[in-house]
Structure formats: structure tokens, C-alpha cells
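S.K.: sharing a sequence plus its predicted fold:
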Amino acid sequence: MDFEKYINEIGKRAKEASRKLAITSSKIKDKALENMADVLTNNIDLILKENEKDVKNAKDKGLSKAKIDRLILNEKRINDMATGLKDLIKLKDPIGEVISMWKRPNGLLIGRVRVPLGVIGIIYESRPNVTSDAAGICLKSGNAIILRGGSEAINSNKIITKLIARAAEEAGAPENCIQLIENTDRKLVDLMLKLNKYIDVIIPRGGRELIQKVVQNATVPTIETGEGIVSIFVNYDADFDMAEKIIINAKTQRPAVCNAVDKLIIHEKIASKFLPFIVSSLKNYNVEIRGCPITKQIIPDIKEATDQDWQTEFLDLIIAIKVVKSIDEAIDFITQYDSKHSETIITNNYSDAQKFLNEVDASSVYVNASTRFTDGGQFGLGAEIGISTQKLHARGPMSINELTSTKFIIYGNGQIRE
């Protein structure tokens, strides 16, 4: 196969589709989303059949349970995918929105209006639900999308893309506004990263290795997403029962996702009482505990945490525990090791809560709540294309508004510059 010709043809088709999609009416886009949702729920058995092939291949290759969990689809997850698409219909179409307008002394009327980014390339791992989420968000925001999922989910991604792309086109959306790179050769990723002629932005969604590969090698602008090295700080005045509930949820509900907690930071004033309590609870959920020297003194039968543990997104039932002397030390520790994704403080102290909110540099900072809420749907944004951990141009869960840019529109009546 001529890889360069193959990727250029996909890019050319996407660019042509993006020009048409940018001026497609809200009515057609919403009808396309409705069709896409319906085709998923009407073809659950077909999707599960293809997903079973991917799951079997993953097990044969010895992938971890956590990675297999990210890959698995079931009726509920497919219905959730459909619900995510329908939730997008409820959102106001951002395209064409006049953000501001003002009149200059010379009579020029100047405004700023929302426009699509154009063609979005997304490179992602494991989770086939990303295929429909990303396609739906891009369509609603007027962007064509080129999908490049991981080889472990290729059968699932192919059938989902085939179904939703056809459904969107039947509603009147432009042909080729949703495309999947079906060849899993990694050379195509390298070519995609340099497809500046056709792709306007690339979004990597996955682990550190994938994100760094994209950021370091792409000539196309990128938005970093995905890696979540996440901490929960339990302050000296925390309610133990509340803390337990939040920590167990953040660690065990779905350990293989980016907003699951990796590190537990505990104030030394409560360490002797809280550590035995929370470690016992975590062990009931088969969580492996790794701790700092102080933690090991209190709980001897755990592994000692290494420096690498503090900077690892485990994506598994593993948690590292650090005891600190103050909230300042906790914030410094988070600043040194975490990925600016999601952080929580558990406290009944208003001043410390505000200090944590003000000083922790992350896309989402919580007081007394689970980090598992860092999600477009949970924030009321509809589905998300990813969670940005950078500051330009979007941060946190990215939905339709984050996939737009602006342009100036100027109305005159014959003005010239002197």
C-alpha cells in the first residue's frame, strides 16, 4: 500500500467535507446525530459481535484486565454512547454565534463569530466509545473528523464508524465528514502528524507514550489530552466516612480511566487513625497499596512507593499514599508530580478549600467530591472529545464550544484607511 497516497486521499476528502459541514444547518446536524444514535441502538448485536473479536484478540495478547475493560462494549455502554449523541442535540449550535460586536468611530461595525476549527484528527487507544463521542462532537461543531483508533479496537471502530457515517449522510450531512483510518500500520500515524495541508488540529487521547509521541513529532497543531495522574488530599479535619466514599469511588468504579485517582495524600495529624481505616477499605476492593516511609511505619505490610510511583498513571487497582505535614506540602507534591488533570481536597475548612482551589494548577479542582466527575457529560457539556491538560486553547473536558475558533466580521459602507 502507498501509505502517503492513502492518508492524503483521506485528508483531501475530509477537507472538502469540512467546507460543506461548516455551513450545514443546525437542523441537519441534529437530525444526523439522531440517526447516529438510533443506528447504534438498532445494531447492538452487530456491534457486540465485532467487539467480541477485539476482546478475544486482547486476551490472547495478554493485555491487562484494566485495558480489556476499556475495550469491552456491552448493551449499557452502547446505549450510553447513543445517549451521548442525543444529549448533543439539546445543546445550542455554537457555529455562527456572534460573541461580540462593536462600532468604531469611523462607522465600521466589527464583530467576532464562532467558526469550526475545520478538520480534526483524533488518535486514541482502546475505548471504542470514543469513536461515536468524537464523531458526534465534531459534527455538532461543524468539523470533519479523521479517526485513528488503536489496533486492539479495530473491529469495533470499523463497524461503529460505518454505521454512524452512513446514518449522518442519510440525514444530509456531507459525505466523508466522518472517516476512520482502517489500516493499523503505525506509519500512517507518522504521516497523519504531518498532514498540515488537510488537518487543522490533532488530539491524542491515551497514555503518556502516545501523547508524547504526538506532541514531539507532530507539525500539525495539537491539544494534549488524556493522561491523568490524579491525587486526593485528605486534610486534617476531613470527615472519614465522606473521605472513604470518595476515595473508593475515585479508585475502584473504573480504575482504567484518566480521572481515576492514583495518589492519596494524607495530613500527618490524622495519619495514625485514617490510614488503617482507609487501607482496610481499599483492600476490600483488592487495591494494591504502595506507601511512603511514614505510611509503611503505620501499615507495615504494604510495598514502599518509589519515585516512579508518584508520577505514574496506574490505570489499575493500585494506589500510592503519601503523608504530608501541611496543605502547602500537599500542593507542592501535586505540582511536582501530577499531570494537571483533576485534583480533590477533602476538608471541612473553608480557608483550606479555597487555598486548594486557588493554588492547585489543574484543569479540574474539587472540594469534597470524586475526581470521576471530570467528564463532559457529567459537567453538562454533552459528550467530550477529550480532557485537555494544557492551557491553549482549551482546558478540561472539551465539547462543542472548545472545538471552535472565531473570525472577525466587519460591516462597512465605503470606509478607507487614511
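M.R.: Perfect, thanks for sending it.
S.K.: who touches the least confident helix or strand in the chain by mean pLDDT?
M.R.: Lowest on mean pLDDT, DSSP states H and E among the helices and strands of the chain sits helix 65-71, with a mean of 85. For helix 65-71, the external contacting residues (CB atoms under 8 Å, 6 or more residues apart in numbering) are 51, 54-55, 58-59, 63, 125-128, 152-153, 156, 254-257, 315-317. Backbone N, C-alpha and C define where each C-beta goes, glycine included.
S.K.: just the buried members of the residues you listed?
M.R.: Taking 16 or more other CB atoms under 10 Å as the criterion, what is buried in the contacts of helix 65-71 is 51, 54-55, 58, 63, 125-128, 152-153, 156, 255-257, 315-317.
S.K.: contacting residues around Met36?
M.R.: 85, 132, 135-136, 139, 163-164, 167-168.
S.K.: please, which helix or strand holds it?
M.R.: helix 26-41 (DSSP states H and E).
S.K.: with just CA atoms, put that helix into CSV.
M.R.: This file holds the C-alpha atoms of helix 26-41, laid out as CSV (Å, rounded to 0.1, in the frame of the first residue of the first chain):
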residue,chain,number,x,y,z
SER,A,26,-28.3,23.0,12.8
LYS,A,27,-31.5,21.1,11.8
ILE,A,28,-29.5,18.7,9.5
LYS,A,29,-26.7,18.3,12.1
ASP,A,30,-29.2,17.4,14.8
LYS,A,31,-31.0,15.0,12.5
ALA,A,32,-27.7,13.4,11.7
LEU,A,33,-27.0,13.0,15.5
GLU,A,34,-30.4,11.4,16.0
ASN,A,35,-29.8,9.0,13.1
MET,A,36,-26.4,8.1,14.5
ALA,A,37,-27.8,7.4,18.0
ASP,A,38,-30.6,5.3,16.6
VAL,A,39,-28.3,3.2,14.4
LEU,A,40,-26.2,2.3,17.4
THR,A,41,-29.2,1.1,19.5
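S.K.: next structured bit after that helix?
M.R.: Next along from helix 26-41, by DSSP H and E: helix 44-60.
S.K.: now do that next one against helix 26-41: the angle between them, please.
M.R.: Following axes from the mean of the first three to the mean of the last three CA atoms, to 10 degrees, one obtains 60 degrees for the angle between helix 44-60 and helix 26-41.
S.K.: could you list the buried residues of stretch 70-81?
M.R.: 70-73, 77-78, 80-81.
S.K.: try stretch 393-408
M.R.: Result for stretch 393-408 [16+ other CB under 10 Å]: buried residues 394-400, 402-404.
S.K.: go on, stretch 350-365?
M.R.: Quick answer for stretch 350-365 (16+ other CB under 10 Å): 352-353, 355-356, 360, 362-365.
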